[in-house]
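**Student:** Give me a model of this one.
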Amino acid sequence: MNNIKEYSSIFATKLAYIVDKYLGLNESGIISSVSSITTEKETTAKNWLFNGKIPRENKRLTIADRLGISYDYLFNDEIPISELKKPEVFIADGHYYIPQLPDLDIKGIKKADVLPIQGRVPVMLPSFDKIISKYGRNIYATQLKISSFAPYIDNGATVICSEKLIIEEYKFLLFQSSSGLTIKRIVNTGEKLQLLEVVNGEEKINNLESLDEALLVILSFSF
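**Tutor:** Predicted coordinates for the structure are as follows:
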């Protein structure tokens, strides 16, 4: 971290650091790369990097999302450059904006230092503060095309998932398989907690083994 090139502000230094180290510079250099990734004009990118300008408030979340880092990390000068944070739940005007990942790569999510996203799902639940308190802000939304656990979770449902795994009976876990995303349920077989899955209409019980490629389902809803 000692060799990080400093720019006109802490925001600008973080911006250039993320683009250079994690997202890759194109042949035209840092200004062109920042412009391309954030979809802002090169003159705007130049003002950020070299003239101490900061994005307007209504653009900040989108810029952080395209860089794949949290709003707080990018715009809070007190957070050190070394303390990278992926996109998190963003709270504004009583709404909770959940990072949306159309093509969910569970293993990639957990290993990623930065995680560029293209959109968010707005959720308005008075109890969501309690969810964040319990599970943290590394929460993501994705669409489950096929579910074997209807009516609890329907086909096409949007599922809200957490990186933090709290293993309790009746909770659902989201896994990634060769055929796509799969839901399994934690059940108590009388001796220990195990995983219930439904394959071709048949129930199967398996041990709770490695959960490195699992996310915890904390909410689901269908439109």
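
**Student:** List the strands paired with the stretch of helix or strand L196 belongs to, with their directions.
**Tutor:** Assigning secondary structure by DSSP states H and E places L196 in strand 193-199. Sheet pairing here is set by DSSP bridges, and for strand 193-199 it gives strand 180-188 (antiparallel), strand 202-207 (antiparallel).

**Student:** Quick check: which of the ones you listed is buried the most?
**Tutor:** With neighbours defined as mean count of other CB atoms under 10 Å, these peak in mean count at strand 180-188, which reaches a mean of 18. To be clear about C-beta, it is placed using only N, CA and C from the backbone, and glycine gets the same treatment.

**Student:** So in that sheet, which strands flank whichever strand or helix holds C161, and in what orientation?
**Tutor:** Following DSSP H and E, one finds C161 within strand 157-162. Its sheet considered, strand 157-162 pairs with strand 139-144 (antiparallel), strand 214-221 (antiparallel) by DSSP bridges.

**Student:** Turn these into JSON lines, including distance to I30 and mean neighbour count.
**Tutor:** Listed next are those as JSON lines, based on distance: least, CB to CB, whole Å; neighbours: other CB atoms under 10 Å:
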{"stretch": "strand 139-144", "distance to I30": "29", "mean neighbour count": "23"}
{"stretch": "strand 214-221", "distance to I30": "34", "mean neighbour count": "20"}
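
**Student:** What degree of burial does the nearest residue to T182 once chain neighbours are set aside show, as a neighbour count?
**Tutor:** Nearest in space to T182, with sequence neighbours left out and distances taken as CB to CB, 6 or more residues apart in numbering, is F175 at 4.8 Å. Per other CB atoms under 10 Å, the neighbour tally for F175 reads 16.

**Student:** Backbone dihedrals for F175, please?
**Tutor:** Backbone torsions of F175, given as degrees, to the nearest 10, read phi -120, psi 160.

**Student:** ok, now which ones touch it?
**Tutor:** The contact partners of F175, taken as CB atoms under 8 Å, 6 or more residues apart in numbering, are 106, 181-184, 213-214.

**Student:** K107 now?
**Tutor:** Going by CB under 8 Å, 6+ apart, K107 touches 176, 212-213.

**Student:** hmm, try it at 10 Å
**Tutor:** Taking CB atoms under 10 Å, 6 or more residues apart in numbering as the criterion, K107 is in contact with 176, 212-214.
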